[in-house]
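Novice: dropping the sequence and predicted coords here.
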Amino acid sequence: MSFDGFKTLIKEGDTVILYLTIHQVYAVTAESKTLSKKGTLVDNVFQTPYGALKCGDLINKEYGSKINLSKGWGYILQPTPELWTLTLPHRTQIIYTPDASMIVLQLELSPGNIVIECGTGSGSLSHALIRSIKPHGHLYTFDFHENRVNIAQREFNSHGLSKYVTVQQRDVCADGFGTELEKKADAVFLDLPHPWLAIPHAAKCIKDTGGRICSFSPCIEQVQKACLKLKDVGFQELQTVEVLQTQYSVQTKSLSVLNLEFLKSPKLDNGSVKNEKESSRTLTAAPPVQQPGHTGFLTFATLPPIWARNIRITLDECNNAEMDE
Amino acid sequence: MSHTIKPGDYVIVQRQRYTKLYKVKPKGNLTLGYFIIEIDKVIGEPYETIFQMKPKQDSKKLYSLEKVEQLTTISQLNIESSGKDNRNITDDGTSQSLTKEEIIKLKDESLSSADIVGKLINNSKTFSSKTEYSQEKYMKKKEKKYFEYVQFRKPTLRLLVQMYYRQEPAKILGLRIDDVSQILTYGNVQAGGNFILYDSGTSGLMTASILNSIGANTEGCLIHMHPGNECQKNAVLALQFPQEQLDRCINVNLYSVLRCFYQNEDSYCENDNQTKELDCDEKTETTESKIETAGNKRKLSSDNSEMPPPKKACWQYDNEKACKILTNKVDGLIITCKEHPVNIFKELVSFLKGSRTFVVFHLMREPLEELYVHLKTTLEFISLRLSNNFMRNYQVLPDRTHPEVNMSSGGYILTGFKLS
Ligand SMILES: C[S@@+](CC[C@H](N)C(=O)[O-])C[C@H]1O[C@@H](n2cnc3c(N)ncnc32)[C@H](O)[C@@H]1O
């Protein structure tokens, strides 16, 4: 239940983030027993490179405190959508935090909004969406894959988020989002291989007062098709963007400094001059040797309020060609 | 929220890609680049309505507005012939046979931009031999110049961030949209938490962003600490939050609130009986905060005993309100500053609860590197990450999709968690 609001103490059943190092972060459940593969109750023990953690011991500990492992220690944190994105069990490709952040801002989400998402996938983005719209907003998330729907539902339940989200199994390209959601949504998010098939359905779900849409696609051909369809069904203000984050490693480097002055004068008798070996310390931030160079293109667009929909040409459309050649 | 434009509303005026924030006044005039526009026709119309600018007979540059249901744009122009490539085109400045005066006259005759572009094309010797692409480019360039439609939009956080960044990044400390988006996520800003923001001046954009994420009719509070006499709040006003939500944003001077916290404990600790905040004296605000600002100017306030203190000033109530929250500590700390962040951070992080996040934004990387080293040595923080973003926009058009030619570089973000 540990995703809903800010908490101090770990309660039984909470998902807890176990932080060892920046690259060793895990999600565990604060329960003393767990079901084994054979279906019998066994001790819930989590193995780390620094030894074992008895997960039952987490109960009633304070979030943010240090926890002993059999061969070292770690820290326990209350999960955030960002920590969950780092630690969740992958069922699909997922949306990472830099893209998720952009999506939330560009979809203009704030508490109280109604949002539609498809597909649910591994629920990475869903957690960020829910945080932005609770307590009185709601997320409707769809996937046509039965197992993913079930796992996502289970996770939302155990994270204490189920009151903010409805998970449904559905092929939205074929069947749309259902009549109950027509004209209900402030925003729609699509992460689908064929977004253009869902876009006409998405347009129907947006409120009469207007709303935003985002489509995430790894390939530029998908973007092109999606953009044509978006314009076709009346979306305006199209914008396609990509965001890549570089994380730096901050380090103090020691650089040796060569002394060349002494070469200009004859050697002193004792010969001690050239032995001076100096070094200078430099604080620097080094980017990783390799990092993701592409996640996906984010295409955003606006469906204007109903009274402004008949004017099809956007005032800002003229911007695009200005930079050609 | 109402959908029609009223006097007093903030609107975002858009002409093509250009946007500007404007406060609607009855009988007001709006300056938009070359144009001066009479605004009264907009009042009572719904947001997003499109208006055409019509030149007024008597005076140059003054335009009135007329609501339109249909746009005439260059895409409706019928282009008959175009060349295969540009091998025969030389631009010697004589290709346009209309004179400057004639063009200005066209404009004053209240012709639409499409008409003007049409006339320009008909009088151009080279247009028909240009390639289709450069014809389109030419027309868009010309249309841009003569485009006569404007739209009045309801301000949203997204539109504001983009507008400020395009107009003058320095006024918002160089915060780009991706920076704002990540500050809000890494700050874990949400309804139902208390947050501290120290902001050395983003025209109110950071305050507005956080308030927007805290939401209306929720529990969350923001303590906004600023270094100046008065806080910048342009963007906050623009978003027109309900009063209830604005009341949960406490604007305090950094020096003044910390002095209150450490030296004036009685004022906020025990009795809650003096919570008549509405009854405070607005006018004294600037006097005291002037004294408090800009670091070194020493105060003459406390020994200033000839003034009888019958009413507390608003800023005193705000300080006390903020201090009450600070005693219980907060759920997130956000710093967007142009000063060196280390001392500010050291001071403010003591009000952050364990297992909570902080975000420090700076346009320069080096101060954040130094902060990082400091945080490492204290052993009180984990998951420290220093990052920045590569962001670029794409032009997506059939057969002409490519990254936009210009791009910018954003700032740097340091985030982490505090241990208990
Ligand atoms: C890449 S995943 C989404 C990941 C998700 N955004 C996240 O952050 O975890 C795409 C999902 O879309 C689902 N999907 C694909 N086509 C669909 C359709 N027509 N209707 C519903 N779901 C679909 C797939 O089952 C898959 O789980």
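Specialist: Thanks, I have it.

Novice: can you show me the helices along the stretch 101-250 of chain A?
Specialist: Here the stretch 101-250 of chain A has its helices, by DSSP state H, counting those that start in this stretch, at A:124-133, A:146-158, A:172-175, A:195-205, A:220-232.

Novice: mean neighbour count, the ones you listed: which tops it?
Specialist: Of the helices of the stretch 101-250 of chain A, the one with the most neighbours on average (mean count of other Cβ atoms under 10 Å in any protein chain shown) is helix A:124-133, at a mean of 26. Yep, even glycine has a C-beta here, placed from its N, CA and C like the rest.

Novice: quick one: residues contacting the closest residue to the ligand within the stretch 51-200 of chain B.
Specialist: The ligand sits closest to B:Thr185 of the stretch 51-200 of chain B, with a gap of 13.9 Å, by Cβ to the nearest ligand atom. B:Thr185 sits next to A:Pro81, A:Glu82, A:Thr97, A:Ala100, A:Ser101, A:Val104, A:Ala128 when contact means Cβ atoms under 8 Å, 6 or more residues apart in numbering or on different chains.

Novice: change it to 7 Å
Specialist: By Cβ atoms under 7 Å, 6 or more residues apart in numbering or on different chains, the residues touching B:Thr185 are A:Glu82, A:Thr97, A:Ala100, A:Ser101, A:Ala128.

Novice: test my guess that the fourth one contacts B:Gln182.
Specialist: Yes. Assessed by Cβ atoms under 7 Å, A:Ser101 is found in contact with B:Gln182 at 4.7 Å.

Novice: what are the phi and psi angles of A:Lys264?
Specialist: The phi/psi pair for A:Lys264 (degrees, to the nearest 10) reads phi -80, psi -10.

Novice: which non-adjacent residue is nearest A:Gln168?
Specialist: In space, and not counting its chain neighbours, A:Gln168 is closest to A:Phe142: 5.2 Å by Cβ to Cβ, 6 or more residues apart in numbering or on different chains.

Novice: what's the closest non-adjacent residue to A:Tyr19?
Specialist: Among residues not flanking A:Tyr19 along the chain, A:Tyr75 sits closest, at 4.5 Å (Cβ to Cβ, 6+ apart).

Novice: the one you found: neighbour count?
Specialist: By the criterion of other Cβ atoms under 10 Å in any protein chain shown, A:Tyr75 has 21 neighbours.

Novice: wait, a helix at it?
Specialist: No. Using DSSP: H, G, I helix; E, B strand; the rest coil, the assignment for A:Tyr75 is strand, not a helix.

Novice: alpha carbons of stretch B:147-154, as CSV, please.
Specialist: Below are the C-alpha coordinates for stretch B:147-154, written out as CSV (Å, rounded to 0.1, in the frame of the first residue of the first chain):
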residue,chain,number,x,y,z
PHE,B,147,-0.8,36.5,-41.2
GLU,B,148,-3.9,38.2,-39.8
TYR,B,149,-5.4,35.7,-37.5
VAL,B,150,-5.0,35.6,-33.7
GLN,B,151,-6.3,33.3,-31.1
PHE,B,152,-6.9,33.8,-27.4
ARG,B,153,-6.1,30.8,-25.4
LYS,B,154,-6.5,29.8,-21.8
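
Novice: ok, A:Glu31 to A:Lys37 distance?
Specialist: Relative to A:Lys37, A:Glu31 is positioned 16 Å away (Cβ to Cβ, to the nearest Å).

Novice: which of these two has more residues huddled nearby?
Specialist: Comparing A:Glu31 with A:Lys37 by other Cβ under 10 Å, the one with more neighbours is A:Glu31, at 15 against 6.

Novice: please report how far that one lies from the ligand.
Specialist: 25 Å (Cβ to the nearest ligand atom, to the nearest Å).
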